[in-house]
Structure formats: C-alpha cells, structure tokens
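[1] Got a predicted model here, sequence first, then my questions.
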Amino acid sequence: MTYYGGKELAAAFRTVRKNTIQIAQDIPEDKYDFKPAPDSRSVRQTLAHIATLTTFPMMLHGERIPIEKIDFAEYMQKVGAEEARPRTKAELVALLQESGDKFAAMLESLQEPFFAEVITFRAGAEPPSRTRFDLLLAAKEHEMHHRAQLMLMQRMIGVVPHLTREAQARMARFQAAAAKA
C-alpha cells in the first residue's frame, strides 16, 4: 500500500499546472517574446514547451507504447514543430489547460501496480531503468523546473509572481492579527 497513487499525483499535477497557467495569465502578452538571454527560450517558447511536455508520458504511460517502439528523432521533430507553432497568449493558456486536463485525467486513471512497473531504457542510458511512478513524477518536476524559469522572467520584466503576492498578503494578515493581539 502506498500513500501517493494516481489520484494524488493527478491532484499535485493540477496544482502545478494551475500555477503555470496563472503565470501565463499574469505576464502581459507584449512581454511573451522576452528572453532573459539570447540563447534561451522566450516566455512564449517556454509556455509552449510546458504545454507539450506531457506528450511523451502520455505515449509511454497512457497509450502504453513500449519505449523501444518510440522513434525519438521523429518524436523530437514533432514536438519541436508543435512548440514552434505561433500562438497567442489566449491560445497558449487554452493549450496549457487542455494538455494539463488530459494528463491529469490519465494520471487519475492509473492503479498502484502500474506505478511499480520498471521501464528499461536503451543501452547506454543513465540510469538504465526507472519505475513508471518515477517517470510520471518527473513530468511534474520538469514543469516545475520551467515554471521557476518563468517566475524569474516575471521578475525581470517587473511582474511580481502570484505565489509571492499571496505569501506577502498572508504575512500582512499575520502581522495585522499580531498587532491586534
């Protein structure tokens, strides 16, 4: 018995995606092409990348395509083309919502024995294998990595991230309550 199954992973992913969508909404569309460095992704490119990053785990775990049957060169080309498609802010927010809902629904449908299955990678991969649970958790961690980049970009363009604003409001409430006591 575990304490963290499909329902819990789906709930955690939904929280991560909700926060990503809030960032996408908070950044003005005229700042979507901002890049913190010339060779980095823009806000727009980072959001598109996040919106498409669940396609691989959906193939591997949702469609249950064996890893040895996945043509990674073809997959990377398709994902790269999808990320490069020009999209407005509204289209990116909608894509984030749609892909997040689809991935979370897939996570919710998974049962405990499935998470323990081991995926063995091609020769030379490091590590040589991982459990499905570890790989699914990695999808959430991957999004959180890029969300942190977006939060830094927000600071660079003068937008205070919503999680910071919420923490500041909480602290102000605590201080006001302490002052009354």
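    Yep, that arrived. Worth saying up front: this structure is predicted, and the values here are computed from it rather than measured. Numbering: from 1, shown residues only.
[2] Strands of the chain, start to end?
    For the chain, applying DSSP state E gives strands covering 118-120, 129-131.
[3] how about a markdown table for those strands, with mean pLDDT, mean neighbour count and distance to Ile27 added?
    C-beta: built from backbone N, CA, C; applies to glycine. Shown next, in a markdown table, are the strands of the chain (pLDDT from 0 to 100; neighbours: other C-beta atoms under 10 Å; distance: least, C-beta to C-beta, whole Å):
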| stretch | mean pLDDT | mean neighbour count | distance to Ile27 |
| --- | --- | --- | --- |
| strand 118-120 | 94 | 13 | 35 |
| strand 129-131 | 94 | 14 | 33 |
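[4] residue ranges of the helices in the chain, please?
    Along the chain, the stretches classed as helices by DSSP state H are 6-26, 43-52, 55-57, 72-84, 89-109, 112-116, 132-156, 162-180.
[5] could I get the strands of the chain as a markdown table with distance to Arg165?
    Formatted as a markdown table, these follow (distance: least, C-beta to C-beta, whole Å):
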| stretch | distance to Arg165 |
| --- | --- |
| strand 118-120 | 40 |
| strand 129-131 | 37 |
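[6] Please list all residues in contact with Glu29.
    Contacts for Glu29 (C-beta atoms under 8 Å, 6 or more residues apart in numbering) come out as 88-89.
[7] Look up how far Leu92 lies from it.
    Look at Glu29 and Leu92: by C-beta to C-beta, to the nearest Å, they are 9 Å apart.
[8] Cool, thanks, signing off.
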